[in-house]
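Participant: build the 3D model from these lines:
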Amino acid sequence: MKRLVLLTVLLITAGLIAGTGPASAANQLANPGFESGLSGWTCSLGSTVPSPVHSGASALAGAASSSDTAQCTQTVTVVPSTTYSVSAWVRGNFVYLGITGGPSTWTPGGTTYTQLSLSFTTAAGQTSAELFLHGWYGQGTYNADDVVLDGPGNGPPGGPGGPGVPGNPTLGTVTNTSVALSWTASSGTVSGYRVYEGTSIISTVSTTSATISGLTACTSHSYAIAAFNSSGESAHSAEVSATTTGCTNTGLPRHALIGYLHASFANGSGYLRMADVPAAWDIVNLAFGEPTSVTSGDIRFTRCPASECANVESDADFLAAIRAKQAQGKKVLISIGGQNGQVQLTTTAARDRFVSSVAAILDRWGLDGLDIDFEGHSLFLNAGDGDFRNPTTPVIVNLISALRTLKARYGARFVLTMAPETFFVQVGFQFYGGTSAGDNRTGSYLPVIHAMRNDLTVLHVQDYNSGPVMGLDGQFHNIGNADFHIAMTDMVKAGFTVANTGIRFPGLREDQIAFGLPAAQPAGNGFTEPGAVQAALNCLARNQSCGGYTLRGGTSPGIRGLMTWSINWDRFFGFAFQNAHEPFLNGLP
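Facilitator: Here you go, the predicted model:
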């Protein structure tokens, strides 16, 4: 069934790529026939064999296992807004060929070589693309040979006259303002090396090391290396990510329990007074601040009326309870949005009203910060808005501006959290709304997260009320089990290339990452038993109990923790969520 779903998505994705006419140039791949072993390729499980081959003396042999598809990749330089053709000769069961974040194709395979082919069009500003080949879980060894990525570039990386791909960079000393990098030399004639951050060249050196200076404290960066000579530039190495030191201590514990408190309504779980929230909860998100109309930007926080919440406390008691929580070191935030609170900042007037009205709530109750829980149609991307680093859609641009203004107003200890659904974050790996590839809301949180990444305290994606989502392993994952939490959280930590844009979304720091889940069965679709939640945390923090999944983002011993909807629902079920997970979080590294 998973294969059928994957085929359907791949065919849909391929059908959404509009060609502008194939480019006429040479094969951009280094070592396309695997005649020089795996030179130029990065493989999880791979080797070369003398037989069976399609041509020449060697072919790739990818030994797919029950836990690894034996993926091989190569990154090449490309020209923006240009169509490229891709092909490969393959044999074996379930062999895939594709462009990361773009179209893919596959064959159920056989004992003879079959040619796979596709085309893709680069995005405006795109300068690199990653080609991949892989088999499928438990289907045994596949072969590939004579791979072609045809179109304009700087010539085949590592080919005649051009330098080979440098070794992947490693981190040296990291300070408040600098990051030291080193890498192994490229093959061939090399004039020097360029250090890239995204598409920008930030340093050019003649040696195999560089120190990037002049950085801001507590900021995240991702770097790749390319070699160059008079014949052109090599493909880029894999990226390495680093965060400068000097992060402000917001007062949160290393591992936190985060929950929403129904402060403006009761629903089936009943009202819970602020004073009765147990001390186990490190961040309490008051649900919800909502707009007077969808596009007004005018946010109001109205406490639950006595007619709905018979045991509601007075404003004075509510405020006193907030102060008591803060005296214990807890953080109390106003959460904006929710399922019913659609917020579209379509104008600068709405943006300014958002800032002033949210600030009034923060000041009235003396809160520690803000949680953004925009759902439904609050965020979307206009057609053509395909670069999450430079968004143009007003609802996105105005929200980013508003958050920056609030952060500047309240200072470094201002707590900013976000609770997007997977549809708005991880689904951006397959589809991005600004490219007109399906729903224009897919991935629409990514530009907001990226713009605020150096001010973001915690991102806790809602790992519930979600359909199957493809992870970095190319497999679809389903809610309600450890596998889903592991794969979705790993995407946020490792980063990923956004759909068919060719632009990589850099991962977040581990201390910025938590994941969200329902406190009990009635609270949301996707409740996960405590043992499975803790297995996921063990995988993410210790690289244990991963169930065969390989962490692309590495282990995260400093992962921030868990979020739940909601504290009220947890109280309704005897605080089972809190009692199971708070001690476990305290026992993490």
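Participant: hey, where'd the helices end up in the stretch 451-589 of the chain?
Facilitator: Residue ranges of the helices in the stretch 451-589 of the chain, as given by DSSP state H, counting those that start in this stretch, are 482-494, 530-542, 567-572, 576-586.
Participant: tell me which of the ones you listed sits nearest to residue 124.
Facilitator: Ranking those by their distance to residue 124 (criterion: C-beta to C-beta) puts helix 482-494 first, at 24.7 Å. C-beta coordinates here come from the backbone N, C-alpha and C atoms, glycine included.
Participant: and the angle for that closest one with helix 530-542?
Facilitator: In terms of direction (axes from the mean of the first three to the mean of the last three C-alpha atoms, to 10 degrees), helix 482-494 departs from helix 530-542 by 30 degrees.
Participant: list the helices and strands helix 482-494 packs on?
Facilitator: Applying 3 or more C-beta pairs under 8 Å, 6 or more residues apart in numbering; DSSP states H and E, one finds that helix 482-494 contacts strand 458-462, strand 469-470, strand 476-477, strand 513-518, helix 530-542.
Participant: so can I have TSV of the ones you listed showing mean pLDDT and mean neighbour count?
Facilitator: Listed next are these as TSV, based on pLDDT from 0 to 100; neighbours: other C-beta atoms under 10 Å:
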stretch	mean pLDDT	mean neighbour count
strand 458-462	98	26
strand 469-470	94	20
strand 476-477	95	20
strand 513-518	98	25
helix 530-542	97	20
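Participant: would JSON lines of these with distance to residue 48 be doable?
Facilitator: JSON lines is the format used below for these (distance: least, C-beta to C-beta, whole Å):
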{"stretch": "strand 458-462", "distance to residue 48": "40"}
{"stretch": "strand 469-470", "distance to residue 48": "29"}
{"stretch": "strand 476-477", "distance to residue 48": "31"}
{"stretch": "strand 513-518", "distance to residue 48": "38"}
{"stretch": "helix 530-542", "distance to residue 48": "32"}
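Participant: picking up where we left off before, now render the helices of the stretch 451-589 of the chain as JSON lines, adding distance to residue 64.
Facilitator: Below are the helices of the stretch 451-589 of the chain laid out as JSON lines (distance: least, C-beta to C-beta, whole Å):
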{"stretch": "helix 482-494", "distance to residue 64": "18"}
{"stretch": "helix 530-542", "distance to residue 64": "22"}
{"stretch": "helix 567-572", "distance to residue 64": "42"}
{"stretch": "helix 576-586", "distance to residue 64": "35"}
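Participant: ok, which of those helices comes nearest residue 166?
Facilitator: Nearest of these (C-beta to C-beta): helix 482-494, 20.8 Å.
Participant: only C-alpha atoms, please: export that closest one in PDB.
Facilitator: Backbone C-alpha positions of helix 482-494 (Å, rounded to 0.1, in the frame of the first residue of the first chain) are rendered in PDB as follows:
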ATOM      1  CA  ALA A 482       7.200   6.600  17.600                       C
ATOM      2  CA  ASP A 483       8.200   6.400  14.000                       C
ATOM      3  CA  PHE A 484       6.100   9.600  13.100                       C
ATOM      4  CA  HIS A 485       7.600  11.700  15.900                       C
ATOM      5  CA  ILE A 486      11.100  10.600  15.000                       C
ATOM      6  CA  ALA A 487      10.900  11.200  11.300                       C
ATOM      7  CA  MET A 488       9.000  14.600  11.600                       C
ATOM      8  CA  THR A 489      11.400  15.900  14.300                       C
ATOM      9  CA  ASP A 490      14.400  14.800  12.400                       C
ATOM     10  CA  MET A 491      13.300  16.800   9.400                       C
ATOM     11  CA  VAL A 492      13.200  20.000  11.500                       C
ATOM     12  CA  LYS A 493      16.700  19.200  12.900                       C
ATOM     13  CA  ALA A 494      18.400  18.100   9.700                       C
END
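Participant: how far does that helix sit from the chain's center?
Facilitator: 9 Å (C-alpha atoms, centre = their mean, to the nearest Å).
Participant: got the angle for that helix vs strand 458-462?
Facilitator: 140 degrees.
Participant: what does helix 482-494 contact?
Facilitator: 422, 425-426, 429, 459, 461, 463, 469, 471-473, 475, 477-478, 507-508, 510, 513, 515, 517, 526, 528, 532-533, 535-536, 539-540, 545-547, 549, 551-554, 556, 559 (C-beta atoms under 8 Å, 6 or more residues apart in numbering).
Participant: ok, back up a step: for residue 294, find the nearest of the helices of the stretch 451-589 of the chain.
Facilitator: Per C-beta to C-beta, nearest to residue 294 of those: helix 567-572, 26.2 Å.
Participant: spatially central, which residue of the chain would that be?
Facilitator: residue 492 (3.4 Å; C-alpha atoms, centre = their mean).
Participant: residue 193 bridge partners, please.
Facilitator: residue 205, residue 227 (DSSP bridges).
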